[in-house]
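1. Dropping the sequence and predicted coords here.
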Amino acid sequence: MLRQQLNDALKSAMLSKDARTVSTVRLILAALKDRDIAARSRNVMDGITEDEILSMLQSMIKQRRESISLYEQGGRLELAQQEADEITIIERFLPRQLSEAETLDAVRAVIAEVGAGGLKDMGRVMAALKERFAGSMDFTKASAATKKELGG
């Protein structure tokens with residue numbers, strides 16, 4: 001479904017001559033193709049799953065946020081704006097993101113569910129969160145919240 005959305009978005013952007021969207025969606029599709037090829041070495045011939053695609057999109061957004069920070073420090077505001085525009089385009093393909101309060105509630109619920117008692121259980125908590133909230137949770141924030149909740 002997400003693959004089809006990406007292809008449809010590319011066609012639509014090409015028809016409307018939206019150069020930024022065309023280039024951004026092409027970047028997404030190229031990254032997707034790379035990951036599909038890498039998955040073949042693990043005998044996954046159908047390509048990566050929807051959850052893996054969502055995770056890839058979140059990684060792309062994270063990379064762009066880091067780039068924005070660096071560009072702003074270097075006084076390259078036009079490049080920072082370009083990265084921000086790409087984030088907006090990539091976010092179209094992600095489900096609604098959980099708020100900080102919703103993230104904290106989810107972290108607490110998973111901690112209780114898996115019976116996490118300390119930082120040694122952080123891996124299990126994060127794995128459960130990634131399984132349930134792929135694409136809709138910022139795992140950097142979730143990791144910080146988990147560490148705080150587990151007493152780290």
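-> All right, it came through fine.
2. Please count neighbours and contacts with C-alpha atoms only from this point.
-> OK.
3. Nearest residue to the most centrally placed residue in the chain in space, ignoring adjacent ones along the chain?
-> Centre of the chain computed as the mean C-alpha position; nearest residue by C-alpha atoms, centre = their mean is Gln58, 1.2 Å away. The shortest distance from Gln58 to any non-neighbouring residue, by C-alpha to C-alpha, 6 or more residues apart in numbering, is to Gly135 (6.7 Å).
4. got the contact list for the one you found?
-> Contacts for Gly135 were tallied using C-alpha atoms under 8 Å, 6 or more residues apart in numbering; they are 51, 54-55, 57-58, 94-95, 97.
5. and if we set it to 10 Å?
-> Contacts here follow C-alpha atoms under 10 Å, 6 or more residues apart in numbering; on that basis Gly135 touches 50-58, 91, 93-98.
6. Also Ala112?
-> When the contact criterion is C-alpha under 10 Å, 6+ apart, the partners of Ala112 are 106, 125.
7. Okay, buried residues for the host helix or strand of it please.
-> Taking DSSP states H and E as the definition, one finds Ala112 inside helix 100-114. Judged by neighbour count (16 or more other C-alpha atoms under 10 Å), helix 100-114 contains these buried residues: 103-104, 106-108, 110-111.
8. between these, which is closest to Ala128?
-> Comparing those against Ala128 with C-alpha to C-alpha picks out Val110 as the nearest, at 7.1 Å.
9. For this structure, just list every one of the helices.
-> 2-15, 19-40, 50-73, 77-91, 100-114, 122-133, 139-149 (DSSP state H).
10. hmm, back to that, so the helix holding Ala112 versus helix 139-149, what angle?
-> Relative orientation of helix 100-114 with respect to helix 139-149: 60 degrees, computed using axes from the mean of the first three to the mean of the last three C-alpha atoms, to 10 degrees.
11. now the helices of the chain as TSV including mean pLDDT?
-> Compiled in TSV, those are given as follows (pLDDT from 0 to 100):
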stretch	mean pLDDT
helix 2-15	95
helix 19-40	96
helix 50-73	92
helix 77-91	96
helix 100-114	91
helix 122-133	89
helix 139-149	89
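12. Counting neighbours, what do you get for Ile87?
-> 20 (other C-alpha atoms under 10 Å).
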